[in-house]
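Asks: output the structure for:
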Amino acid sequence: MSTVLKPIPASDVRHEALRIDGQRVWCDAVIDVRNPYDGALVGTVPKATLDDVRRAFA
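Replies: Numbers count the residues shown, from 1 in each chain. Model (predicted):
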């Protein structure tokens, strides 16, 4: 049996935000999350800055 994988439509790519003090915080810089099987983009996660980390631990 073979499995045919279909690419994920761009509209289905999940974009996450940071959560700091119960609030969603969006960042300009993101890290792509890729499917390890085929390398397809499945989402993005924020690339936190040092200031973001300091606010999270304040």
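
Asks: any weak-confidence spans in the chain?
Replies: 1-11 (pLDDT under 70).

Asks: correct me, but Arg19 touches Val25?
Replies: Yes: the criterion here is C-beta atoms under 8 Å, and Arg19 meets it with Val25 at 7.2 Å. In short, each C-beta sits where N, CA and C put it, glycine included.

Asks: of the two, who's got more company?
Replies: Between Arg19 and Val25, counting by other C-beta atoms under 10 Å, Val25 is the more crowded of the two (14 against 11).

Asks: tell me who's in contact with the closest residue in space to the more buried one that isn't next to it in sequence.
Replies: Closest residue in space to Val25, ignoring its immediate chain neighbours: Leu18 at 4.3 Å, by C-beta to C-beta, 6 or more residues apart in numbering. If a contact means C-beta atoms under 8 Å, 6 or more residues apart in numbering, then Leu18 has 24-27, 46, 48, 52, 56 as its contacts.

Asks: which SS state does Cys27 fall under?
Replies: Recorded secondary structure, Cys27: coil (DSSP: H, G, I helix; E, B strand; the rest coil).

Asks: what about Gly22, neighbour count?
Replies: So Gly22, with other C-beta under 10 Å, has 5 neighbours.
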